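*Asks:* Structure here, sequence nowhere to be found:
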């Protein structure tokens, strides 16, 4: 059979009359270059999800075209290029809407707080883009940041010590102007009992233990402190921040979530 004679099954009509919200590829690993505040660029490996909508009368989409479109990410992955690739996805796949998610480990040089021993911390970052049928593009940047917290209740009621644990904060934002991943990470770390390091000598362990003990926080405190900082930043147009503590004395996690919608709604109620 010649190439010209091959039947394109995906373009065959479908008679079930059901449109599909999202169809595409998921968890494709791909080498990418991302912006780095200190070094200009950083090479990493991303996990990429790409979807488009499928009209009710189309049997399928062309999966190989998603992978071909990834070449548009060269030489770098950044939110400013998402609009271009989202529109390309729609035109190449005859779709009305498109969606892309790029998750990758991001490494930052972070020396120990007292000994200044060199270390690399890795953070999970996500860039999310969506283009609707009218061509409006929505972009979200997200970081996942490990933290430590000391329980205020435990410190208050205990004769000696207090229980502490490692936790994780998810911070997603929309903004007017570009914001560095490093700025988002630093904002989160400054709101914890103490931040996390990859290398700690004894003098550093003493420092982080005492810093956390002097700065106890519930998950509620963490998300509220982050939300207040974001609320005061005129560049941030929307945010969602959650904190999860992997409890050291319980067989469950502690969790809190706050969004800018709730913050704005609460402010209006208080000013009523």
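*Replies:* Arrived safely, thanks for sending. This structure is a prediction, so every number in the text was calculated from the model and none was measured.
*Asks:* Could you list the low-pLDDT ranges of this protein?
*Replies:* Along the chain, segments meeting pLDDT under 70 span 1-5, 7-11, 14, 264-272.
*Asks:* ok, the nearest residue to residue 180 once chain neighbours are set aside - contacts?
*Replies:* Nearest residue to residue 180 in three dimensions, chain neighbours excluded: residue 37, at 4.7 Å (Cβ to Cβ, 6 or more residues apart in numbering). (Glycine included, C-beta is placed from N, CA and C.) Contacts for residue 37 (Cβ atoms under 8 Å, 6 or more residues apart in numbering) come out as 180-183.
*Asks:* buried set for the lengthiest strand in the chain?
*Replies:* Assignment by DSSP state E gives strand 20-36 as the longest strand of the chain. By 16 or more other Cβ atoms under 10 Å, the buried positions in strand 20-36 come out as 20, 23-25, 32-36.
*Asks:* likewise stretch 164-174?
*Replies:* 164-165, 167-174.
*Asks:* Would you mind confirming that residue 171 is in contact with residue 186?
*Replies:* No - between residue 171 and residue 186 there is no contact under Cβ atoms under 8 Å: 11.0 Å.
*Asks:* what about residue 44, neighbour count?
*Replies:* 16 (other Cβ atoms under 10 Å).
*Asks:* Report the angle between the helix or strand following the longest strand of the chain and strand 20-36.
*Replies:* Remark: after strand 20-36, the chain's next helix or strand is strand 40-54, criterion DSSP states H and E. Taking axes from the mean of the first three to the mean of the last three Cα atoms, to 10 degrees, one finds strand 40-54 and strand 20-36 inclined to each other by 170 degrees.
*Asks:* Excluding chain neighbours, what is closest to residue 16?
*Replies:* Using Cβ to Cβ, 6+ apart, the closest residue to residue 16 is residue 56 (7.7 Å).
*Asks:* Residue 38 now?
*Replies:* residue 109 is the one closest to residue 38 (Cβ to Cβ, 6+ apart), at 7.2 Å.
*Asks:* roughly how far apart are the one you found and residue 128?
*Replies:* 26 Å (Cβ to Cβ, to the nearest Å).
*Asks:* ok, these two, which is more surrounded?
*Replies:* Counting neighbours by other Cβ under 10 Å for residue 109 and for residue 128 shows that residue 128 has the greater number, 19 against 11.
*Asks:* For that one, give me its contacts.
*Replies:* Applying Cβ under 8 Å, 6+ apart, the residues near residue 128 are 100-102, 139-142, 172.
*Asks:* Generate TSV for these, with secondary structure and distance to residue 50 as supplementary columns.
*Replies:* Converted to TSV, those look like this (DSSP: H, G, I helix; E, B strand; the rest coil; distance: Cβ to Cβ, whole Å):
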residue	secondary structure	distance to residue 50
100	strand	5
101	strand	8
102	strand	9
139	strand	15
140	strand	16
141	strand	18
142	strand	17
172	strand	19
